[in-house]
Structures are given as structure tokens and as C-alpha cells.
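> Build me a model from this:
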Amino acid sequence: MTKNELLEFICDLYGIDQCTNVILKHINQLVTEHGLSYLDIARALSYYVDILHKNVDATYGIIRTVELVYKDARNYFNKLKKLQEEQKAAINKASTSKTILINYKKEKTIKRNYIDLNKI
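The predicted structure is shown next:
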């Protein structure tokens, strides 16, 4: 994810036209001081809003929000990725498994005439 994509994501998330100077400063801090990528920041914010169903406020910036939920967001998305990989593996395994068809012949039943011994 590029910086411009992150800025666009944040604008959509906060419902603003342009990112504030505080948000830009916080993004720079998170990248330089905390070593986060733009994707990490977007995931943390997405987790905060979409998964935790919390409201965001552009007035205070994003640094505190990201710091609070980054580890949980990372764990959540890692588990989600692992689950997706397991599902893909299961689908691949199911689609590559061999199907064996067994044809069998139905045995013919032989009609037998029985002799009634009482009639003899």
C-alpha cells in the first residue's frame, strides 16, 4: 500500500476531504519511530472501525488509536490469513483427490422350480 492509498483510505474512513496536518504527522511518526508500514496502519484503523465497531475522530489524529490496537489487529489479520490458507489447502486437496468408481455386476437370480413333496 502506498502513502497516497493510505491517505485516501483515511479520508474515506473519517469522512473528510483531506487529511489534516496532525494525521500526516502521526503517519510519519508511526512509520519512522514505530517501524510500521502504511499497510499496518490501514489494517489497524480498519480493525478498530470494522471489527471493534469504534468511532474515529479526525480531530485527535490516529497515533493513539493505532498504538492501542496494532498488536491485536496484526494477530487478527494473521489468523485470518492462516485460516484462508488452510481453506485453500483443503479445497486443493479435495479437488486433487482421486475418485475411484467401482462397477459391479448384479448377480442374476436363478428361478428354481420346487417340487411339492406333499403332492407326490
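> how about the helices in this structure?
Under the criterion DSSP state H, helices of the chain are mapped to 3-14, 21-32, 38-46, 63-96.
> Now do the shortest one: everything it contacts.
Okay, so that is helix 38-46. Taking contacts as CB atoms under 8 Å, 6 or more residues apart in numbering, the residues outside helix 38-46 that touch it are 1-3, 5-6, 9-10, 13, 27, 30-31, 36, 56, 62, 65-66, 69-70, 73-74, 77. Bear in mind the C-beta positions are built from the backbone N, C-alpha and C, glycine included.
> repeat that with 7 Å
Identification of contacts with helix 38-46 by CB atoms under 7 Å, 6 or more residues apart in numbering yields 1-3, 6, 9-10, 13, 27, 30, 62, 65-66, 69-70, 73, 77.
> Go through the residues you listed and single out the one with the most neighbours.
In terms of neighbour count, Ile62 stands highest of the contacts of helix 38-46 at 27 neighbours, by other CB atoms under 10 Å.
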